[in-house]
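**Q** pasted the sequence and its predicted model underneath.
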Amino acid sequence: EFGKIASELNLEIYLVGGAVRDALLGKKIVDFDFVTNDAISFGKRLKEKFNGTIEIFEETQTVHFVFNGMNFDFVTARREYYVDNSLVPVIEKATLKEDLARRDFTINAMAVDIREKNFGILYDYFNGYEDLLKGIIRVLKPLSFIEDPSRIFRAIKYMVELKFKFSRESEILLKKAVEIGALFSSKSQRVQEELKELIAKDEIDQVIQFFTNYGILKEIFRINGIPKATVSAIKSFYKTEKDTTKRIHAFLFLIYLSKCHINEEEVNKIFGIRKHEILKIKEAIEVFKNIKESFSKEDLPSIVIKLNNLDLTYVHAYYYKTKGEVKKFFKDYLEKLRFIKNELRGSDLKELGLKEGPQYRKIFDILTSLKLKGEIKDKNDEIKYLL
Ligand code: CTP
């Protein structure tokens, strides 16, 4: 149908990028990217014919169309080039070949004509098909990773997901780009998104291996390697937790647990994690750094209360990091102790005539502590104790 519309308007239209790659690999496609020579007129005609959500962006010369849960993006063929060390490229209308030439890897730089008269003709100017068959990730130009550092993480994503290998030159170019600080060169949303997607992957051990080999670990965390025990703790955590945000937070917590210094500016810049979230990680690290000593110095209830005041994610992550007696305690905490809480709420304390303020927290902690010791059992006991 898109081919027909394009023909009526006398436009060229090609399916490009990841969709072509995935189609050739026999994978299911959900996001379709098209290149045409006038996305705006195409989009206007689309609006007349379909009643899905159609957004037309004059400024970027692109159209977004959602239909039956599938995403269709139409872009006007363009060339991009950089002048005078500018981080923002100059954009001009261009041919299909030039449009493909600005892309990341050969396997993502193929196009298929979808007009009826030429349906299925593959345009493969950079030998992407051969690379796809051989399983090779190859950049189209030497500056590719420097112009768009998110490609560093995209390359690793394909190596992990598709089990592809780097071409020799591309691997050298990636290492060079990392070495000269490309990852921190701009605060780019794309870099953050691709990095977070990688870090939340089930195959986190492979990702860590690539990060180590390519000097990324050193750039981001100022470390040369991650201890095996930490890697397997992260892996175990991921087995029971599918939420990507929690995975990322647990990952950072476990990495920083063994390395005391956290540079908030850097973590914020590269992961886009807010300062107060980083503070929570730091707080958790403080508690866990001294946890073994706490066992000899403090009583159990006070440790439990400390843990109650942390995000469960970190306690859960720490459980996989520890061994022996301490691990037993954490299992107990996760399964039972954390549910033992005072029943009285703030509103109850108010009714009892206690003035609102920070002392409420203290009262709750005392009640929880007594409950953990078995000295009080229910709400009535709590009230009796307070009176
Ligand atoms: N692209 C690029 N450089 C990037 C991101 C994308 O050149 N940093 C190009 C690639 O040709 C890519 C296309 O834009 O195929 C679409 O990008 P996107 O939808 O992010 O990637 P897909 O390849 O479609 O999908 P995935 O990210 O899942 O591989």
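**A** It's in. The shown structure was predicted, so the numbers you read here are calculated from the model rather than taken from an experiment.
**Q** from now on I want contacts and neighbour counts done on CA atoms only, so please keep to that.
**A** Will do.
**Q** run the chain-centre distance for the helix or strand bottoming out on mean pLDDT in the chain.
**A** Lowest mean confidence among the helices and strands of the chain (mean pLDDT, DSSP states H and E): helix 291-297, at a mean of 78. Counting by Cα atoms, centre = their mean, to the nearest Å, helix 291-297 is centred 35 Å from the centre of its parent chain.
**Q** before we move on, what SS does the residue nearest the centre of the chain have?
**A** Computing the C-alpha centroid of the chain and ranking residues by Cα atoms, centre = their mean puts K196 first, at 2.0 Å. The assignment at K196 comes out as helix when based on DSSP: H, G, I helix; E, B strand; the rest coil.
**Q** quick one: contacts for it?
**A** With contacts defined as Cα atoms under 8 Å, 6 or more residues apart in numbering, the neighbours of K196 are I248, F271.
**Q** cool, and I226?
**A** With contact set as Cα under 8 Å, 6+ apart, I226 has these partners: I208, I255.
**Q** angles on the backbone of it, please.
**A** When quoted as degrees, to the nearest 10, the phi and psi of I226 stand at phi -120, psi 130.
**Q** any idea how far S232 is from it?
**A** As for I226, its distance to S232 is 10 Å (criterion: Cα to Cα, to the nearest Å).
**Q** try F166
**A** Separation of F166 from S232 (Cα to Cα): 26 Å.
**Q** ok, these two, which is more surrounded?
**A** The neighbour comparison of F166 against S232 (other Cα atoms under 10 Å) goes to F166, with 18 against 15.
**Q** before we move on, the earlier item: can you show me the CA trace of the least confident helix or strand of the chain as CSV?
**A** The C-alpha coordinates for helix 291-297 follow below in CSV (Å, rounded to 0.1, in the frame of the first residue of the first chain):
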residue,chain,number,x,y,z
ILE,A,291,27.5,-4.7,57.5
LYS,A,292,29.8,-7.4,58.9
GLU,A,293,30.9,-5.1,61.7
SER,A,294,27.3,-4.2,62.4
PHE,A,295,26.6,-7.8,63.2
SER,A,296,29.1,-7.7,66.0
LYS,A,297,28.3,-4.3,67.2
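**Q** who touches the very next helix or strand once past that helix?
**A** In the C-terminal direction, the helix or strand that comes right after helix 291-297 (DSSP states H and E) is helix 300-308. Outside of helix 300-308, the residues that reach it under the criterion Cα under 8 Å, 6+ apart are V287, S294, F295, V315, Y333, L337, R338, D365, T368, S369, L372, K373.
**Q** name the element the fourth one belongs to?
**A** Put plainly, it is V315. helix 312-321.
**Q** any idea what Y123 is bridged to?
**A** In this structure, Y123 has beta-bridge partners A111, where bridges are defined by DSSP bridges.
**Q** how far off centre is stretch 199-210?
**A** Averaged C-alpha coordinates place stretch 199-210 at 12 Å from its chain's average position (Cα atoms, centre = their mean).
**Q** closest point of the stretch 201-350 of the chain to the ligand, which residue?
**A** K201 (13.2 Å; Cα to the nearest ligand atom).
**Q** what is the burial count for that residue?
**A** Close neighbours of K201, defined as other Cα under 10 Å, add up to 20.
**Q** what's the distance between it and K176?
**A** According to Cα to Cα, K201 stands 25 Å off from K176.
**Q** go on, Y256?
**A** Computed with Cα to Cα, the distance linking Y256 and K176 is 26 Å.
**Q** cool, and K93?
**A** Using Cα to Cα, one obtains 31 Å as the distance from K93 to K176.
**Q** the ligand contacts on the protein?
**A** Those residues of the chain that sit near the ligand, judged by Cα under 6 Å from any ligand atom, are G17, G18, A19, R103, D104, N108, A109, D148, S150, R151.
**Q** next, the residue nearest to the fourth one when sequence neighbours are not counted: phi, psi?
**A** Nearest residue to R103 in three dimensions, chain neighbours excluded: A109, at 6.1 Å (Cα to Cα, 6 or more residues apart in numbering). In terms of degrees, to the nearest 10, the main-chain angles of A109 are phi -120, psi 40.
**Q** how many other residues sit next to the residue nearest to K93 when sequence neighbours are not counted?
**A** Across the structure, with Cα to Cα, 6+ apart as the measure, the residue nearest K93 apart from its sequence neighbours is R78 (4.3 Å). Burial measure for R78: 22 neighbouring residues, criterion other Cα under 10 Å.
**Q** repeat that for R45.
**A** R45 is surrounded by 15 other residues when neighbours are defined as other Cα under 10 Å.
**Q** equivalent analysis for H64, please.
**A** Tallying neighbours of H64 according to other Cα under 10 Å, which is how burial is gauged here, yields 17.
**Q** who does it form a beta bridge with?
**A** According to DSSP bridges, the partner residues bridging H64 are E55, D73.
**Q** that one: what's it in contact with?
**A** Listed by Cα under 8 Å, 6+ apart, the contact partners of H64 are T53, I54, E55, I56, N71, F72, D73, F74.
**Q** pLDDT wise, what is it at?
**A** Looking at H64, its pLDDT stands at 96.
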